[in-house]
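K.L.:
build me a structure from this.
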Amino acid sequence: MRLHHVQVACPVGGEEGARRFWRDGLGMSEVPKPPDLVGRGGAWFRAGGADGAEVHVGVEDPFAPARKAHPALVVADAAELERLGGSLEAAGFAVDWTERHTFPAYQRFHTRDAHGNRVEVLAPA
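P.N.:
As a prediction, the model looks like this:
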């Protein structure tokens, strides 16, 4: 078993904010939604190649950000973790390193996407 995707929510019209975070900040590729789902709004993103994990951003009305529940993305190493933290900050997102060394065998940061959803990014220690 492997994880195919996680879904987070955005408000109506929040697709550009999602692109700024997932595509521009984290470097994921936007992938087309199936034709039957395009009319629902939102956007889908994939890490890596065709088998990479996906994040589906779906429109929710009324919208409330996920403050505790969150996707956690693992990157290859500390250098990639640092690079992504810098990329997110350059795109205008706050990156919280206060829990960097609190998860055994990993280092990490937390951030929030353009709509306030919590996201964790980890690398092997």
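K.L.:
quick check, central residue of this protein?
P.N.:
Taking CA atoms, centre = their mean, the centroid of the chain lies closest to residue 22, which sits 5.2 Å from it.
K.L.:
what's the closest non-adjacent residue to that one?
P.N.:
Among residues not flanking residue 22 along the chain, residue 45 sits closest, at 4.2 Å (CB to CB, 6 or more residues apart in numbering). Glycine gets a C-beta too; all of them are placed from N, C-alpha and C.
K.L.:
quick one, what contacts the one you found?
P.N.:
For residue 45, the contact set (CB atoms under 8 Å, 6 or more residues apart in numbering) comprises 18, 22-23, 26, 28-31, 54-57.
K.L.:
which residues in this structure form helices?
P.N.:
15-18, 35-38, 78-90 (DSSP state H).
K.L.:
of the ones you listed, which is nearest residue 69?
P.N.:
helix 15-18 (17.0 Å; CB to CB).
K.L.:
residues of the closest one that come out buried?
P.N.:
By 16 or more other CB atoms under 10 Å, the buried positions in helix 15-18 come out as 15, 17-18.
K.L.:
what residue of the protein is the furthest out?
P.N.:
residue 36 (23.7 Å).
K.L.:
how close does it sit to residue 90?
P.N.:
36 Å (CB to CB, to the nearest Å).
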